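Enquirer: Predicted model follows, preceded by the sequence.
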Amino acid sequence: MNLSEKLELYTSFSQGENNGFSKLEVADLELVNFDLKPYDLSNSYFGGVTFTSCDLKNVDMHGSNFGGSKFISSILKNNNIVKAEWDNVEIYNISVDNINAFRTTFMESIFNNCKISQSNFESCNFWSSRLSKVTFEECNFVDACLNDCIFTEVIFKNCILPENFKQKTGLIIT
């Protein structure tokens, strides 16, 4: 069964239309110019998958595990990524808009050359992540953990930051 068929069956299951395909696990694939908009990826596993120029706009990914995956020049917009595990992800050359990532983990992840706006990272854990050339605009980081992160040329513009957030080298907070 190819990936599109698996995605269709899983989306059908998640919408209550069938009861035969209750688990979606994809590992170590490289997806290029793949349109994921029609699919529900909630509670799915995409381990070590590379998404290059893929469209994930409006895709529900709550409870998902994308550990070790890479997102390169892809579209992330209007996504629900609540209570997900996105540890060790690498995100490059992306504009992210309107993401709800409440209580999601991004531990030991890499964010490079990204603009992230109007997104909710409340109670997220970014422990030991590396952020370089990233601009956050109008994002909520209440109760987020940014401990041991390495920041290089990172800008927080009109963001709500955690109370214990320290001024770190490479940060601009406006």
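Expert: Structure received.

Enquirer: other SSEs contacting the longest strand belonging to the chain?
Expert: Ordering each strand of the chain by length in residues (DSSP state E) puts strand 90-100 first. Here strand 90-100 touches strand 70-72, strand 76-80, strand 110-117, going by 3 or more C-beta pairs under 8 Å, 6 or more residues apart in numbering; DSSP states H and E. For the C-beta atoms, the positions are set from N, CA and C on the backbone; glycine is no exception.

Enquirer: and it, average pLDDT?
Expert: When pLDDT is averaged over strand 90-100, the result is 97.

Enquirer: What ranges does the chain have for its strands?
Expert: 25-27, 30-32, 45-47, 50-52, 70-72, 76-80, 90-100, 110-117, 130-137, 150-157, 171-173.

Enquirer: So which elements touch the third one?
Expert: Where contact means 3+ C-beta pairs under 8 Å, 6+ apart, strand 45-47 is packed against strand 25-27.

Enquirer: CA atoms of the longest strand of the chain as CSV?
Expert: Taking only C-alpha atoms (Å, rounded to 0.1, in the frame of the first residue of the first chain), the coordinates of strand 90-100 have been written out as CSV:
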residue,chain,number,x,y,z
GLU,A,90,14.9,20.2,12.1
ILE,A,91,13.0,23.2,10.6
TYR,A,92,14.7,25.2,7.9
ASN,A,93,13.6,28.1,5.7
ILE,A,94,10.0,28.2,6.7
SER,A,95,7.4,30.8,7.5
VAL,A,96,5.0,29.4,10.2
ASP,A,97,1.7,31.1,10.9
ASN,A,98,-1.1,30.4,13.4
ILE,A,99,0.2,27.2,15.0
ASN,A,100,-1.4,25.9,18.2
